[in-house]
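*Asks:* need a 3D model of the following:
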Amino acid sequence: MFPGTNPINPEGNPSSARQSSPGGDSPEDFEIFSDISLNYISRMLMEEDIDEKVSNYQEESALRAAEKPFYEILGQKYPPSPDRPPLYSQHGLESPDESSHNNHGNSNSGSNSSGVTDNGWSHDFSFEYQQSQAFPASFEHPYQSSLSSSSSVGNVAEAVDPESLISTSRLPDLLIESLPAWQFRRGVEEARRFLPSNDKLIIDLEVNGVSSLPQEPKAAGRFVGVKVEEEPEYPVYGSRGRKNLHREDLDLEEGRSNKQSAIYSEDTIRSEMFDLVLLCQGDKCSKKMSALREAMQNEANRNTQNDHAKGSSGGKARGKKQTKKEVVDLRTLLIHCAQAVAADDRRTAGELLKQIRQHSSPNGDGTQRLACCFADGLEARLAGTGSQIYHTLVAKRTTATDILKAYHLYLAACPFKKVSHFFANHTILKVAEKASRVHIIDFGIYFGFQWPCLIQRLAGRAEGPPKLRITGIDVPQPGFRPTERIEETGRRLADYAESFQVPFEYQGIASKWETIRVEDLRIDKDEVVIVNCLYRFRNLVDETVIVDSPRNKVLNTIRKMNPDIFIHGVVNGSYSAPFFVTRFREALFHYSALFDMLETNVPREDEQRLLIERDLFGRDALNVIACEGSERVERPETYKQWQVRNLRAGFTQLPLDPDIMKKAKDKVKTHYHKDFVIDEDSRWLLQGWKGRIIYALSTWKPYET
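*Replies:* Residues are numbered from 1 along each chain as shown. Alright, predicted model coming up:
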């Protein structure tokens, strides 16, 4: 981690974590329910290379795989970058502070001489080269094995004399006949040398999302999130066959280089600006988020008023024939279309889909956006391409910056995540009130948004902070570094714990949950063990796919851990039935509530809202509608079904803390829309929208015989 003092608390006094809050709230209540997780996200957004670290190493490996065969054809050795070692070496590259983490899966970044796409990545959609654009067509002919160049593949056209080619007996007749076309391509290649060196003509911009415009160098000491659109800094040997030497000089002047995008650099974890955003006073963050929610609500109200004004002014025009806008019930059309798809009535389904498309839009109101997403799912199911499209969406590269901004918006627009974190952290603090060692096992840790505010609260204990261990468990990421995200989460949390002087230890496990053993967790007898899993059990398949379902296996493993408490959050849904029409109808009701919630609380033009609806809700809805068997991973159950399952696994449900319930209700009523629901039923804390329960939380303990 990066050494450095806390700009807010330079002396590192943990007592600064205890602040009095405005409005008469207790300090601990205010800190737990504060927007520290939003600051944590902001801190991540300030990392300069966060987008490159997430996905650019896949781009570079694809580029190297595309270039290497041509060097082998020319009989040349593939040149490494002159200013750094090869990226994907077997031993891995280390930054100055990397050596302490060299056991976190460097073997996953080994080079693959036969092509990097063989290393478990069956669909590399993030960086797809078009060979017809990248290389001259003359490379496809047999004479290419006899060519040589002193610089790169792109200079082959300059190194070959057309007259000698005509007299060469090895040339096929087809090549001789197409010589004018080859000479034309040669002229194009020579002309490209006079184009700006930053203009990358060989990449499909829409597929890759890479900007081809020249990038301005960033000033030293400026902490901003670097977008993936920035041009890759590694040497590109394409049709021009030259390095961008000017940009390299700029990097040297700045004292740093962004070229090592595939290598973790600890310099991007910590910065003063980062700490300032993360460790600011909770009341300032709360006021800022309240202002954001108010601004979003005002804009949403203005959009609604504009819609009404347009509708009321439609009849004022005189002398013109007014076109009547057809009003349809999109939900009814969707259900009828689903019935036609289930009956394999393709003609009726096609007509209904056409009608739905005419009245839906990804940029319209909530119902239109919902209909657009569900129509995509019905169309994919009708074509039998649901699994392929879903895997494409999963493999789609979304920058970490966009993901975090969308999550930031989600926290501001609805209380579901914040109430969940408040419920879990408050419960942990009560269980570990007197403990000297606390071990949290988090199933589905992802970026670890839940834990910064808990670490801050532990630092403020009167008797001093306990030793905190967090075991972060998540599924492996596709690609060459399946543990990268989970390890970076651990480094950030360790850095945060260091700033509050909380003894901290982290273990990351990237594996299928049902294969994890109790021995892998290294549980000590003298520590308080807490198992936390919020809303991720829905992705484990149930008994309809495997008789001995992973859900029961994971619950049995948790039971064997004998935790002091098990905090369980579930998505309350009935759309996991094997019967398609029933499942479709329940999914329609569930997602209608989510889309309506965003429509009410977020402006329609917000880009992060589009990302949530398209890449989160839309993707999951498509999986529910168009996939079957083990490919259908969205399988939620109702909280009452989970209650029965947990009891069968040997757990006893604990009663809810009335103080937590009261505070959660008060906070939601004060800061969020009036239609959000916070309720209690059968020892479950329920969260919903307009009467429909969407999430449920409860606490459990192993049954003692």
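
*Asks:* outline the domain layout of this protein.
*Replies:* 51-262, 400-702 (automatic domain parsing).

*Asks:* skipping adjacent residues, who's closest to Thr385 in space?
*Replies:* Excluding the flanking residues, the one nearest Thr385 by C-beta to C-beta, 6 or more residues apart in numbering is Ala626, at 7.6 Å. Every residue, glycine included, has its C-beta placed from N, CA and C.

*Asks:* ok, the one you found - how many residues close by?
*Replies:* 25 (other C-beta atoms under 10 Å).

*Asks:* now for it: which residues touch it?
*Replies:* If a contact means C-beta atoms under 8 Å, 6 or more residues apart in numbering, then Ala626 has 377-378, 380-381, 385-387, 389-390 as its contacts.

*Asks:* ok, now with 10 Å
*Replies:* Residues in contact with Ala626 (C-beta atoms under 10 Å, 6 or more residues apart in numbering) are 341, 376-390, 632.

*Asks:* mean pLDDT lowest for which of the domains of the chain?
*Replies:* Sorting the domains of the chain by mean pLDDT places domain 51-262 lowest, at a mean of 43.

*Asks:* give the pairing partners of the longest strand seen in the chain; include direction for each.
*Replies:* Criterion DSSP state E: the longest strand present in the chain is strand 692-702. Paired strands of strand 692-702, with direction, are strand 565-571 (antiparallel), strand 651-653 (antiparallel), strand 684-689 (antiparallel) (DSSP bridges).

*Asks:* pull out the buried residues from the next helix or strand after the longest one.
*Replies:* Spelled out, that is strand 565-571. For strand 565-571, the succeeding helix or strand toward the C-terminus, using DSSP states H and E, is helix 580-601. Buried residues in helix 580-601, counted by 16 or more other C-beta atoms under 10 Å: 580, 583-588, 590-601.

*Asks:* and for stretch 517-526?
*Replies:* Across stretch 517-526, burial judged by 16+ other C-beta under 10 Å covers 521, 523.

*Asks:* name the residues that touch that stretch?
*Replies:* With contacts defined as C-beta under 10 Å, 6+ apart, stretch 517-526 is touched by 435-437, 439, 441, 469, 471, 473, 505, 507, 509, 511, 529, 531, 557-563.

*Asks:* same question for stretch 537-549.
*Replies:* Stretch 537-549 has contacts (C-beta under 10 Å, 6+ apart) with 443-444, 475, 512-514, 550-555, 568-573, 576-578, 620, 623, 628-637, 641-642, 645.

*Asks:* if any of these are buried, put those into a PyMOL selection.
*Replies:* Here is the PyMOL command that selects the buried residues among the contacts of stretch 537-549 (16+ other C-beta under 10 Å):
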select buried, resi 443+444+513+514+550+551+552+553+554+555+568+569+570+571+572+573+576+620+623+632+633+634+635+636+637+642+645
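
*Asks:* restricted to strands, list the contacts of stretch 537-549.
*Replies:* 443, 568-571.

*Asks:* check the residues you listed and tell me the two furthest apart.
*Replies:* Spatially, the most separated pair among these is Phe443 and Val571, at 14.3 Å (C-beta to C-beta).

*Asks:* so where do the helices sit in the stretch 501-650 of the chain?
*Replies:* Secondary structure of the stretch 501-650 of the chain (DSSP state H, counting those that start in this stretch): helices at 550-561, 580-601, 607-611, 618-626, 639-648.

*Asks:* which positions within the third one qualify as buried?
*Replies:* When neighbours are counted by 16+ other C-beta under 10 Å, the buried residues of helix 607-611 are found to be 608-611.

*Asks:* again with stretch 358-376
*Replies:* 359-360, 365-376.

*Asks:* would you point out the most distant pair within these?
*Replies:* Maximum pairwise distance in the buried residues of stretch 358-376, criterion C-beta to C-beta, is 17.5 Å, between Asp365 and Asp376.

*Asks:* which SS class is His336?
*Replies:* When classified by DSSP: H, G, I helix; E, B strand; the rest coil, His336 comes out as helix.

*Asks:* enumerate every residue touching it.
*Replies:* 329, 348-349, 352, 355-356.

*Asks:* just the buried ones from these?
*Replies:* Buried among the contacts of His336 (16+ other C-beta under 10 Å): 349, 352, 355-356.

*Asks:* can you tell me the element Arg347 falls in?
*Replies:* Using DSSP H and E, Arg347 falls in helix 346-359.

*Asks:* could you give the average pLDDT over that helix?
*Replies:* Rounded mean pLDDT across helix 346-359 is 95.

*Asks:* CA-only coordinates of that helix in PDB, if you can.
*Replies:* What follows is helix 346-359, C-alpha atoms only, in PDB (Å, rounded to 0.1, in the frame of the first residue of the first chain):
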ATOM      1  CA  ARG A 346     -43.800 -17.600 -35.100                       C
ATOM      2  CA  ARG A 347     -46.100 -15.600 -37.300                       C
ATOM      3  CA  THR A 348     -48.200 -14.200 -34.500                       C
ATOM      4  CA  ALA A 349     -45.100 -13.600 -32.400                       C
ATOM      5  CA  GLY A 350     -43.400 -11.700 -35.200                       C
ATOM      6  CA  GLU A 351     -46.400  -9.500 -35.700                       C
ATOM      7  CA  LEU A 352     -46.600  -8.700 -32.000                       C
ATOM      8  CA  LEU A 353     -42.900  -8.100 -31.800                       C
ATOM      9  CA  LYS A 354     -43.200  -5.600 -34.700                       C
ATOM     10  CA  GLN A 355     -46.000  -3.800 -32.900                       C
ATOM     11  CA  ILE A 356     -44.000  -3.700 -29.600                       C
ATOM     12  CA  ARG A 357     -41.000  -2.300 -31.400                       C
ATOM     13  CA  GLN A 358     -43.100   0.500 -32.900                       C
ATOM     14  CA  HIS A 359     -44.200   1.700 -29.500                       C
END
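
*Asks:* elements contacting it?
*Replies:* Here helix 346-359 touches helix 330-342, helix 366-383, going by 3 or more C-beta pairs under 10 Å, 6 or more residues apart in numbering; DSSP states H and E.

*Asks:* now the longest one and helix 618-626, what's the angle there?
*Replies:* Meaning helix 366-383. Taking axes from the mean of the first three to the mean of the last three C-alpha atoms, to 10 degrees, one finds that helix 366-383 is oriented at 50 degrees with respect to helix 618-626.

*Asks:* does anything pack onto helix 366-383? Which helices or strands?
*Replies:* helix 330-342, helix 346-359, helix 386-395, helix 580-601, helix 618-626.

*Asks:* possible to save those helices as CSV with distance to Gln305?
*Replies:* Output for the helices and strands packed on helix 366-383, formatted as CSV (distance: least, C-beta to C-beta, whole Å):
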stretch, distance to Gln305
helix 330-342, 23
helix 346-359, 23
helix 386-395, 35
helix 580-601, 14
helix 618-626, 28
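
*Asks:* what's near enough to touch Met661?
*Replies:* 423, 678-680, 685.

*Asks:* now name the helix or strand holding it.
*Replies:* According to DSSP H and E, Met661 maps onto helix 658-671.

*Asks:* pull out the buried positions in that helix.
*Replies:* Neighbour-count burial for helix 658-671 [16+ other C-beta under 10 Å]: 660, 663-665, 667-668, 671.

*Asks:* ok, so of those residues, who is nearest Val431?
*Replies:* Ile660 (12.7 Å).

*Asks:* okay, now the spatially closest residue to that closest one that is not a sequence neighbour: neighbour count?
*Replies:* Leaving aside its sequence neighbours, Ile660 sits nearest to His426 (C-beta to C-beta, 6+ apart; 5.4 Å). Using other C-beta under 10 Å, His426 is surrounded by 21 other residues.

*Asks:* thanks a lot, see you next time.
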